[in-house]
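>>> how would this look folded up:
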Amino acid sequence: MTVLPPLRKKILRGYLAIVALFGVMGIFLILSSVFIMAGITPKMIHSNYDSIEAARKMQQAWMALHFPVAFPSMPNDAWIKQFDDALSFEKSNITEPGEDIIAARIERIWDQWKQGERSGDLVREMNNQFEMLTSLNEKGMFQLVVREGHLRRAVVIGTALFYIVTFVITLLIVDSLSVRLAKPLKDIAEVLRSRIKPGDRLKLPEPTSLEVRILNEELSQLWERVSRADQLHLEKIVRQRNQLETLLSSVEDAVIAMDNKGRVTHVNSRMAHLIGLGTESIIGMLWEDLPAASDNYFKLREVLREREIESAQIFELDIQKEGLRSYEARIREVHSVNGELISTIFLLHDVTEVRQRERLKAEFIGVLSHELKTPLQSLGTAIELLAHRKESFDERTQFLVETLMSDVNRIREVANQFIQVDRLPGAAIHIHTELARLSELLPEWLKPFELLAAERGVSIRYEKGSEGDIWAQIDQAKFPWVISNLLTNSIRVSPKGTTIEVILAYRGDNTEITVTNQGPKIPEDIRRRMFDPYFKGTGERADATHAPGYLGLGLTIVKEVTDAHGGRVEYSPLEPVGSCFRVLLPLLKGEDR
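Numbering: from 1, shown residues only. Predicted coordinates for the structure are as follows:
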């Protein structure tokens, strides 16, 4: 392998060549000055020359301190000493008017430099003082050598010509050096600008120096790393694309994705089946120009053209061998960070079974509500007839007739609200609240359950925990459902000989109803779901909250009706056995207790 010179060495050689030329020029000028001034009065010429020599030494030392590479002959301390000696001599060898001022300026600048000040202005000012000092002494000398004026002019002209020739030569050297430096870099830039394909070999120009060879090697290695990274990135994109296609093909929904120009980028088999084409015939085509003639395609194109973003549209499509199917359409747009549209995703979800279940459910509720009316009407009529003759009954029978009448009226209200209850959660329950004296209503609601509790061997004790009347904003038709379900559950789980306590009181900013029983505690895992519709425990745990055949709506109704009133329901177990339910209704601002 050919040994190439370092670029630094090339630059240094060119620089030394320039310095050498100026050195030769300086020597020529000094010899010429000595030769010309040899015939002038020795004393005067000697004084002026000494000042010029002192200025030269100072300038030489000054240049050596700023450009040590060009003056490697002595260390900095020697140059500083030379400058100090030359300056001292100059101060003692003042021959021309104003020379002492220049010497003082040189001394001031020199002191600033020794104190650490470094600036371009300082260097230029010092060089100006050297030139002024030299010019001043030369002027004095020239005044002594008027007779040699013609000769001096010849010397000046020759020196100027030498400077011009030197400048031209150095300019050619610098130009040649810059060309040798710039050409390989320019060639490398042209290669990189040629848009080489990833994976191709980088063909760089032959190096002309060690640095260019190192640069070529580093660029080649970098290009290899970039090519490997591009290959890995491409493989990752292909892998993600395959995963996306697998995901789209596995979902039951029909999915199609398009770019910002409407060209199909992804489609799963379900969507292709709806359109009536194969996936290969769809991908890459414009959505508006698919070669499909099915009614489903034109219907989907119309839905997508409306572009109701984020909203769900439900429509029917005629599917071969399946008949009419109901679909819910959603359109999603994907945007870049700058807000530009990247892709549009069209989703179709089959909701045929869901709509059928909703229809059957509505029919069931309608039939059930209708079937309840006839027996309730007969039962209500019978109870009303008994109520007209209750005067002839004993006191206990009269109480039973009144209880039956109250229960029938309540069942009628429940039947009228059956559909509403079935549509839980509570946001579907519509209530009409009014300020009610709960301390009077609650004992009346408890009366029907006292007889039921007595038959089970359980007693109900009511207590008012606050002075005076207790008020609350309630729906007097629906809020009794809360008390009814809490008492029904408590009676079912309470052992014989125990007491169910119902306490009504103000607690902070709430009206609180507490229902406590001595039945088994509700297990921890059931507590988290005991307010869910139709939920009930299994095995022995079921006895904590449900009687045999109970559907699991009781606690749900309690929670949803309470939530509709803006309140909340809390549960806490008692020790060693028992459960406590708290119903808290908020007091309105300004409501007087």
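>>> what segments of the stretch 151-300 of the chain are helices?
210-250, 269-275, 279-282, 295-306 (DSSP state H, counting those that start in this stretch).
>>> do the stretch 451-593 of the chain as well
Going by DSSP H, counting those that start in this stretch, the stretch 451-593 of the chain shows helices at 480-493, 524-527, 554-564.
>>> quick one: which of those helices is nearest Leu446?
Ranking the helices of the stretch 451-593 of the chain by proximity to Leu446 (Cβ to Cβ) places helix 480-493 first, at 7.2 Å. C-beta here means a position set from N, CA and C on the backbone, and glycine is covered the same way.
>>> quick one: distance of the closest one to the chain centre.
Centre-to-centre, helix 480-493 and its host chain are 51 Å apart (Cα atoms, centre = their mean, to the nearest Å).
>>> sorry, back to before: deepest-packed of the helices of the stretch 151-300 of the chain, please.
Most buried of those, by mean neighbour count (mean count of other Cβ atoms under 10 Å): helix 269-275, with a mean of 19.
>>> by contact count, what packs against it?
strand 254-259, helix 279-282, helix 295-306, strand 313-319, strand 341-350 (3 or more Cβ pairs under 8 Å, 6 or more residues apart in numbering; DSSP states H and E).
>>> by mean pLDDT, show me the worst of the helices of the stretch 451-593 of the chain.
Among the helices of the stretch 451-593 of the chain, helix 524-527 carries the lowest mean pLDDT, a mean of 83.
>>> quick one, phi/psi of the spatially most central residue of the chain?
Nearest to the mean C-alpha position of the chain, by Cα atoms, centre = their mean, lies Val337 at 10.5 Å. For Val337, the backbone dihedrals (degrees, to the nearest 10) come out as phi -60, psi -30.
>>> distance check, it against Gln60.
64 Å (Cβ to Cβ, to the nearest Å).
>>> can the helices of the stretch 151-300 of the chain go into JSON lines with extra columns for mean pLDDT?
Listed next are the helices of the stretch 151-300 of the chain as JSON lines, based on pLDDT from 0 to 100:
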{"stretch": "helix 210-250", "mean pLDDT": "79"}
{"stretch": "helix 269-275", "mean pLDDT": "83"}
{"stretch": "helix 279-282", "mean pLDDT": "84"}
{"stretch": "helix 295-306", "mean pLDDT": "82"}
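>>> can I get those helices in CSV with distance to Asp525?
CSV is the format used below for the helices of the stretch 151-300 of the chain (distance: least, Cβ to Cβ, whole Å):
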stretch, distance to Asp525
helix 210-250, 34
helix 269-275, 39
helix 279-282, 47
helix 295-306, 46
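>>> flag every buried residue along stretch 336-346.
For stretch 336-346, the neighbour count (16 or more other Cβ atoms under 10 Å) marks 344-346 as buried.
>>> next: stretch 84-94.
Buried residues in stretch 84-94 (16+ other Cβ under 10 Å): 86-87, 90, 93.
>>> please enumerate the strands of this structure.
254-259, 264-267, 313-319, 323-335, 341-350, 434-437, 459-464, 471-474, 499-507, 510-517, 568-573, 579-586 (DSSP state E).
>>> can you tell which of those strands is closest to Ile237?
Using Cβ to Cβ, the nearest of these to Ile237 is strand 264-267, at 12.7 Å.
>>> show me what the closest one is packed against.
helix 210-250, strand 254-259, helix 279-282.
>>> as JSON lines, these with distance to Ala54 would be great.
Output for the helices and strands packed on strand 264-267, formatted as JSON lines (distance: least, Cβ to Cβ, whole Å):
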{"stretch": "helix 210-250", "distance to Ala54": "44"}
{"stretch": "strand 254-259", "distance to Ala54": "83"}
{"stretch": "helix 279-282", "distance to Ala54": "95"}
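>>> tabulate the helices and strands packed on helix 269-275 in CSV, adding columns for distance to Ala329.
Listed next are the helices and strands packed on helix 269-275 as CSV, based on distance: least, Cβ to Cβ, whole Å:
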stretch, distance to Ala329
strand 254-259, 9
helix 279-282, 17
helix 295-306, 5
strand 313-319, 5
strand 341-350, 6
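>>> between these, which one is nearest to Ser178?
strand 341-350 (48.5 Å).
>>> can you list the domains in this protein?
As assigned by automatic domain parsing, the chain contains the domains 7-172, 251-350, 352-416, 425-586.
>>> lowest mean pLDDT across these, which one is that?
domain 352-416 (a mean of 71).
>>> just to revisit the earlier point, among the helices and strands packed on helix 269-275, which is nearest Gln473?
So among the helices and strands packed on helix 269-275, strand 313-319 is nearest, using Cβ to Cβ, at 39.3 Å.
>>> which strands border that closest one, and is each parallel or antiparallel?
Here strand 313-319 has these sheet partners by DSSP bridges: strand 323-335 (antiparallel).
>>> check which residues of the strand it pairs with are buried.
Quick answer for strand 323-335 (16+ other Cβ under 10 Å): 326-331.
>>> including distance to Leu181, could the domains of the chain go into CSV?
Formatted as CSV, the domains of the chain follow (distance: least, Cβ to Cβ, whole Å):
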stretch, distance to Leu181
domain 7-172, 7
domain 251-350, 42
domain 352-416, 77
domain 425-586, 79
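>>> let me know which of those domains is tucked in deepest.
domain 425-586 (a mean of 17).
>>> chain center to that domain, what's the gap?
Worked out by Cα atoms, centre = their mean, domain 425-586 lies 48 Å from the chain centre.
>>> take the buried residues of strand 323-335 and lay them out in CSV including distance to Asp111.
Converted to CSV, the buried residues of strand 323-335 look like this (distance: Cβ to Cβ, whole Å):
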residue, distance to Asp111
Ser326, 99
Tyr327, 94
Glu328, 91
Ala329, 89
Arg330, 85
Ile331, 82
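>>> now, among those, which is nearest to Thr498?
Of the buried residues of strand 323-335, the one sitting nearest to Thr498 (Cβ to Cβ) turns out to be Glu328, at 53.0 Å.
>>> surely that closest one meets Val351?
Yes: in this structure, Glu328 is within contact of Val351 by Cβ atoms under 8 Å, at 4.8 Å.
>>> need the residues touching each of these two.
Counting by Cβ atoms under 8 Å, 6 or more residues apart in numbering, the contacts common to Glu328 and Val351 are Ile314.
>>> circling back to that earlier point, using CSV, lay out the strands of the chain together with distance to Leu136.
Below are the strands of the chain laid out as CSV (distance: least, Cβ to Cβ, whole Å):
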stretch, distance to Leu136
strand 254-259, 82
strand 264-267, 86
strand 313-319, 99
strand 323-335, 78
strand 341-350, 78
strand 434-437, 113
strand 459-464, 120
strand 471-474, 109
strand 499-507, 107
strand 510-517, 105
strand 568-573, 104
strand 579-586, 103
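>>> of all those strands, which one comes closest to Lys390?
Closest among those, once you apply Cβ to Cβ, is strand 459-464, at 23.8 Å.
>>> kindly export that closest one (C-alpha atoms) in PDB.
As requested, the backbone C-alpha atoms of strand 459-464 are provided in PDB (Å, rounded to 0.1, in the frame of the first residue of the first chain):
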ATOM      1  CA  SER A 459     -89.200  -7.700  64.600                       C
ATOM      2  CA  ILE A 460     -88.700  -4.200  63.100                       C
ATOM      3  CA  ARG A 461     -87.700  -1.300  65.300                       C
ATOM      4  CA  TYR A 462     -87.900   2.200  64.000                       C
ATOM      5  CA  GLU A 463     -85.900   5.100  65.600                       C
ATOM      6  CA  LYS A 464     -85.700   8.800  64.800                       C
END
